[in-house]
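**Student:** Whatever this is, show me its structure:
(one chain, ligands or ions: 1)
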Amino acid sequence: MPAEPLLAARGIESGYGKVQVLWGADLLVGARQCVVLLGPNGAGKTTFLKVLLGLLPAWRGEAHFAGENITLWPSDRRVRRGMAYMSEIGVFTALSIADNLAIGGQFSPPATLRRQIDALYAAFPDLAARRSAAAGSLSGGQRKMLGIAKALAGSPRLLVMDEPSAGLSPLFVGEVIAILRQFHRDGLALLIAEQNVKFLDLAEHVITLEGGRTGFSGSVAALTADDALHRAYFGL
Ligand code: ATP
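**Tutor:** Residues are numbered from 1 along each chain as shown. You can find the predicted model right below:
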């Protein structure tokens with residue numbers, strides 16, 4: 001268990017209308033920690049992330065962020081407090097790269113936003129070279145990079161990502177992992193929902209979600225040492 005939990009969720013139940021998807025999901029992300037949430041298609045990963053970000057209400061259970069009970073907070077209040085969310089889509093395709101970054105950092109004071117955008121252009125030189133180009137003109141891999149940059153524009157403490165590998169070639173998956181590692185080293189906490197086990201390279205802790213419930217919670221080494229989990233997630 002991390003010494004200083006940044007995000008903690010306990011007994012989360014939620015769903016859509018009368019359809020219950022989450023049946024008691026728990027999670028802990030420490031300050032500056034990277035946690036990967038693994039689970040098969042339909043396990044409820046996206047639903048869980050949406051509850052954590054306040055995009056879907058929790059029917060039961062509680063969530064805390066940086067010591068405050070955020071269970072009933074609207075999404076924008078969570079973002080102002082330091083959470084960022086990158087959905088599978090991630091960017092506004094009709095808007096320019098610069099406008100996407102400005103939207104990502106809309107809650108930051110102007111001077112902080114300018115400094116952060118300069119730092120992001122330094123980290124993403126391909127985006128800096130084309131800042132007035134429409135996001136829709138970028139390749140899939142570049143769009144993913146813009147999605148990350150947009151999510152980071154608000155200088156979050158925690159970046160929550162839904163399947164960053166979706167639609168990417170293995171080469172780009174490697175590039176996405178490399179850039180995330182760079183920001184993680186500088187102190188960014190990460191919560192990444194994935195099916196692609198490559199992302200375990202970044203993880204300090206792994207949680208599995210099966211049928212809307214938390215299953216395994218432990219280190220990558222403990223996950224790989226468990227025969228049944230190894231077969232389920234590594235397909236061997
Ligand atoms: P995937 O990797 O396929 O996105 P996931 O683990 O993220 O899977 P969710 O997207 O959270 O899973 O979906 C969990 C369940 O909730 C699925 O059975 C799905 O059909 C259902 N579901 C998702 N969105 C809705 C919705 N808007 N209305 C009703 N049911 C939904």
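**Student:** and this protein, what are its domains?
**Tutor:** Residue ranges for each domain of the chain read 1-82+158-236, 91-155, as given by automatic domain parsing.
**Student:** Any chance of a markdown table for those domains, columns distance to the ligand?
**Tutor:** For the C-beta atoms, the positions are set from N, CA and C on the backbone; glycine is no exception. Below are these laid out as a markdown table (distance: least, Cβ to the nearest ligand atom, whole Å):
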| stretch | distance to the ligand |
| --- | --- |
| domain 1-82+158-236 | 3 |
| domain 91-155 | 16 |
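**Student:** Check the secondary structure at L6 for me.
**Tutor:** Using DSSP: H, G, I helix; E, B strand; the rest coil, the structure places L6 in strand.
**Student:** so who does it touch?
**Tutor:** 29-31, 33, 65-66, 157-158, 189 (Cβ atoms under 8 Å, 6 or more residues apart in numbering).
**Student:** Looking at these, which are in strands?
**Tutor:** Judged by DSSP state E, the contacts of L6 include 29-30, 65, 158, 189 as members of strands.
**Student:** coming back round to it: mind checking which of the contacts of L6 are buried?
**Tutor:** For the contacts of L6, burial is judged from neighbour counts taken by 16 or more other Cβ atoms under 10 Å, and it is met by 29-30, 33, 65, 157-158, 189.
**Student:** and those, which two are the farthest apart?
**Tutor:** Q33 and F65 (13.6 Å; Cβ to Cβ).
**Student:** how many other residues sit next to the residue nearest to L190 when sequence neighbours are not counted?
**Tutor:** Take L190 and drop its neighbours on the chain: the residue closest to it by Cβ to Cβ, 6 or more residues apart in numbering is C34, 4.2 Å away. The number of residues packed near C34 is 23, by other Cβ atoms under 10 Å.
**Student:** Surely C34 touches G187?
**Tutor:** No. Using Cβ atoms under 8 Å, C34 is not in contact with G187, being 11.3 Å away.
**Student:** that older thread, any idea of the pLDDT on the residue nearest to L190?
**Tutor:** If you check C34, the pLDDT there is 97.
**Student:** Could I get the contacting residues of it?
**Tutor:** 184, 189-192, 202-205.
**Student:** Next: I117.
**Tutor:** 101-102, 105, 153.
**Student:** mind listing the strands in the chain by residue range?
**Tutor:** 5-16, 19-30, 34-38, 60-65, 68-69, 83-86, 158-162, 189-194, 205-210, 213-218.
**Student:** coming back round to it: can you redo the contacts of I117 as TSV with neighbour count?
**Tutor:** Output for the contacts of I117, formatted as TSV (neighbours: other Cβ atoms under 10 Å):
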residue	neighbour count
L101	26
A102	16
G105	25
A153	23
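**Student:** buried set for the least confident helix or strand in the chain by mean pLDDT?
**Tutor:** Least confident element among the helices and strands of the chain, by mean pLDDT, DSSP states H and E: helix 227-234 (a mean of 81). Buried residues in helix 227-234, counted by 16+ other Cβ under 10 Å: 229, 232-233.
**Student:** Could you do stretch 22-29 as well?
**Tutor:** Under the neighbour-count criterion of 16+ other Cβ under 10 Å, stretch 22-29 has 22-23, 25-29 buried.
**Student:** swap in stretch 107-115?
**Tutor:** For stretch 107-115, by 16+ other Cβ under 10 Å, it's 108, 113.
**Student:** Any chance you could list what contacts that stretch?
**Tutor:** Residues outside stretch 107-115 that contact it (Cβ under 8 Å, 6+ apart): 76, 79-80, 102, 105, 116, 153-155.
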